[in-house]
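Chemist: How does the following fold in three dimensions:
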Amino acid sequence: MSEIKKDLKVLIVGAGPSGLLLALLLGQKGIESTILEKSHEIDRNPRASFYAYPTIRELRRAGLMEDIMKDAFVPSGVTWRLLDGTPIAKIHPSNEVGRETMVSLPLDELLPIMNIHLQKCERSKLLLNHEVMAIGQDEDKAWATVQTPEGEKRFEGDYIVGCDGGNSKIRRELFGGEFPGFTWDKQIVATNVYYPKFKDFKWTSSNFLIDKDHFTMIAQIAKDGLLRVTYGEEGGLTREEMHERLAWKYKTILPGAPEPGEYDVKSFSPYRIHQRCAEKLRVGRFLLTADAAHLCNPFGGMGLTGGLVDVGNLFDCLYGIATGEADEDILDKYSEIRMQKFHDVISPISSGNIRRLWDPSPEAIANEPFFNAVKEAEQNEHLAQQMKTGLNIVMHDFTQYYRSRAVA
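Modeler: Presented below is the predicted three-dimensional model:
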């Protein structure tokens with residue numbers, strides 16, 4: 001562990017997975033951080049669940065994987081299917097113990113684990129009911145005006161990191177309403193449901209259904225059989241209208257065409273989907289990461305993957321500054337390279353993941369390069385290994401810019 005030469009103080013806005021992970025990584029190295037979270041508790045919404053290798057790497061170096069694996073579900077594979085269940089292509093992940101490439105644990109279970117670990121870090125703290133109202137900076141520091149249970153207070157730090165999600169207050173303060181990109185015409189509904197008969201159909205644990213109107217992901221996300229069922233819906237429908245259509249949707253997309261009494265819905269969350277990236281991820285002493293920096297549709301989990309890799313990369317930059325291994329301009333590299341990763345990797349992959357679910361015609365499936373590669377990989381071990389490690393391209397080693405590495 002390199003010696004801390006500069007006593008940095010980092011303010012983190014948002015206690016989601018990115019904010020907690022950044023505070024944990026900093027705290028474990030003795031760098032002071034404070035999380036400002038406007039809610040009265042850590043988010044309990046069951047959002048993202050799957051962690052691919054680039055994310056697992058960051059969770060492992062934060063010391064979380066041992067506790068995660070006590071409750072994590074290990075997927076058996078993923079299959080792309082027609083709406084009637086006919087399989088098109090299949091991938092089986094490599095999940096050797098200690099070298100997992102894909103695991104599942106809903107965020108509402110991961111975040112408490114992260115918080116428990118964070119409480120062991122003497123120089124990191126989480127402040128709930130602390131809502132950022134305004135921000136500012138000068139050459140020496142950045143600050144936030146915060147509404148707290150005791151009234152309005154000012155918090156100062158060397159850097160302030162926006163980890164406050166797609167509706168980021170920090171991003172809006174920096175750029176107003178500008179968030180370059182687009183919103184998809186289609187919207188989706190994410191649900192968590194127990195459907196005991198699902199296991200009777202012998203499907204892989206994760207499945208994508210290809211259909212213009214009913215494109216869907218059906219995936220087991222927990223050991224107790226909990227399913228995440230995320231499906232497409234018509235644009236313009238209200239939440240109430242979508243909820244009224246839930247039983248019809250389930251009957252259409254779930255194997256066995258179940259009636260309402262055959263399943264137990266635990267959560268129902270409609271939302272619009274976007275492909276957007278802020279124009280910069282650094283403005284002086286302010287930094288953006290994860291959903292505060294960029295958004296993509298959830299099919300394939302690129303948002304969570306890219307977001308937590310952002311955090312690991314930003315930690316390496318801040319640690320380099322604290323130890324004197326890097327100058328502050330490494331944060332400009334962070335902005336440049338993480339934006340490049342979004343535009344060249346994350347957004348194209350996630351866009352391809354959703355678009356290939358819209359056309360079930362034989363011609364489209366026969367001409368889809370991804371499906372053809374999956375089928376070839378069943379016979380070609382080298383290609384199979386390449387596909388299993390393909391997401392590693394989202395990562396970047398910022399320690400290569402450290403002074404000691406440059407000399408070496």
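Chemist: Which parts of the stretch 151-300 of the chain are helices?
Modeler: Ranges of helices in the stretch 151-300 of the chain, per DSSP state H, counting those that start in this stretch, are 169-175, 239-244, 246-253.
Chemist: Could you work out which of those helices reaches nearest to Gly301?
Modeler: With Cβ to Cβ, the closest approach to Gly301 among those belongs to helix 246-253: 19.6 Å. For glycine as for every other residue, the C-beta is placed from the backbone atoms N, C-alpha and C.
Chemist: Quick check: buried residues in the closest one?
Modeler: Under the neighbour-count criterion of 16 or more other Cβ atoms under 10 Å, helix 246-253 has 246, 249-250, 252-253 buried.
Chemist: Of all the helices of the stretch 151-300 of the chain, which one comes closest to Thr101?
Modeler: Nearest to Thr101, of all those, is helix 246-253, at 27.2 Å by Cβ to Cβ.
Chemist: Include distance to Lys9 when you put the buried residues of helix 246-253 into CSV, please.
Modeler: Listed next are these as CSV, based on distance: Cβ to Cβ, whole Å:
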residue, distance to Lys9
Leu246, 47
Lys249, 49
Tyr250, 50
Thr252, 53
Ile253, 50
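Chemist: Now render those residues as a markdown table, adding pLDDT and distance to Ser39.
Modeler: Below are those laid out as a markdown table (pLDDT from 0 to 100; distance: Cβ to Cβ, whole Å):
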| residue | pLDDT | distance to Ser39 |
| --- | --- | --- |
| Leu246 | 97 | 27 |
| Lys249 | 98 | 30 |
| Tyr250 | 98 | 31 |
| Thr252 | 98 | 36 |
| Ile253 | 98 | 33 |
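Chemist: where does the stretch 1-150 of the chain dip in pLDDT?
Modeler: Applying pLDDT under 70 to the stretch 1-150 of the chain flags residues 1, 45-46, 93-98.
Chemist: quick one: the strands in it?
Modeler: Counting by DSSP state E, counting those that start in this stretch, the stretch 1-150 of the chain has strands at residues 9-13, 32-36, 50-52, 78-82, 87-91, 102-104, 124-127, 131-137, 142-148.
Chemist: and the last one with strand 32-36, angle?
Modeler: Computed by axes from the mean of the first three to the mean of the last three Cα atoms, to 10 degrees, the angle separating strand 142-148 from strand 32-36 equals 50 degrees.
Chemist: How about the fourth one?
Modeler: Between the axes of strand 78-82 and strand 32-36, defined by the same axes, to 10 degrees, the angle is 30 degrees.
Chemist: So for Ile218, which of the strands of the stretch 1-150 of the chain sits nearest?
Modeler: strand 78-82 (9.1 Å).
Chemist: Okay, now the sheet partners of that closest one, with direction.
Modeler: Using DSSP bridges, the strands paired with strand 78-82 are strand 87-91 (antiparallel), strand 206-210 (parallel).
Chemist: hang on, the earlier thing: compile the helices of the stretch 151-300 of the chain into JSON lines and extend it with columns for distance to Leu383.
Modeler: Listed next are the helices of the stretch 151-300 of the chain as JSON lines, based on distance: least, Cβ to Cβ, whole Å:
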{"stretch": "helix 169-175", "distance to Leu383": "39"}
{"stretch": "helix 239-244", "distance to Leu383": "40"}
{"stretch": "helix 246-253", "distance to Leu383": "31"}
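Chemist: These: which one's closest to Met133?
Modeler: Evaluated over the helices of the stretch 151-300 of the chain, closeness to Met133 peaks at helix 169-175, with 8.4 Å, by Cβ to Cβ.
Chemist: Tell me the buried residues in that closest one?
Modeler: 169-171, 173-175.
Chemist: Next: stretch 336-346.
Modeler: Buried residues in stretch 336-346, counting neighbours by 16+ other Cβ under 10 Å, are found at 338-339, 341-342, 345-346.
Chemist: can you check stretch 230-248 too?
Modeler: Per 16+ other Cβ under 10 Å, stretch 230-248 contains these buried residues: 230-233, 242, 245-246.
Chemist: Report the inter-axis angle for the helix of greatest length in the chain versus strand 32-36.
Modeler: Longest helix of the chain, by residue count under DSSP state H: helix 302-323. Using the same axes, to 10 degrees, one finds that helix 302-323 and strand 32-36 are set 140 degrees apart in direction.
Chemist: Tell me which other helices or strands helix 302-323 touches.
Modeler: Helix 302-323 sits against helix 17-28, strand 50-52, helix 53-61, strand 294-295, helix 330-341, helix 347-355, with contacts defined as 3 or more Cβ pairs under 8 Å, 6 or more residues apart in numbering; DSSP states H and E.
Chemist: neighbours around Gly284, how many?
Modeler: Residues near Gly284, counting by other Cβ atoms under 10 Å, number 14.
Chemist: Provide a list of residues in contact with Lys186.
Modeler: Neighbouring residues of Lys186 by Cβ atoms under 8 Å, 6 or more residues apart in numbering: 232-235, 273.
Chemist: show me what contacts the residue nearest the centre of the chain?
Modeler: With distances taken as Cα atoms, centre = their mean, Leu304 lies nearest the centre of the chain, 1.0 Å away. The neighbours of Leu304, taking Cβ under 8 Å, 6+ apart as the test, are 17, 48, 50-51, 55.
Chemist: list the contacts for the residue nearest to Val78 when sequence neighbours are not counted?
Modeler: Among residues not flanking Val78 along the chain, Ser206 sits closest, at 4.0 Å (Cβ to Cβ, 6 or more residues apart in numbering). By Cβ under 8 Å, 6+ apart, Ser206 lies in contact with 50, 75, 77-79, 217-220.
Chemist: In the residues you listed, which residue is surrounded by the most others?
Modeler: Neighbour counts for the contacts of Ser206, by other Cβ under 10 Å, peak at Met217, which reaches 26 neighbours.
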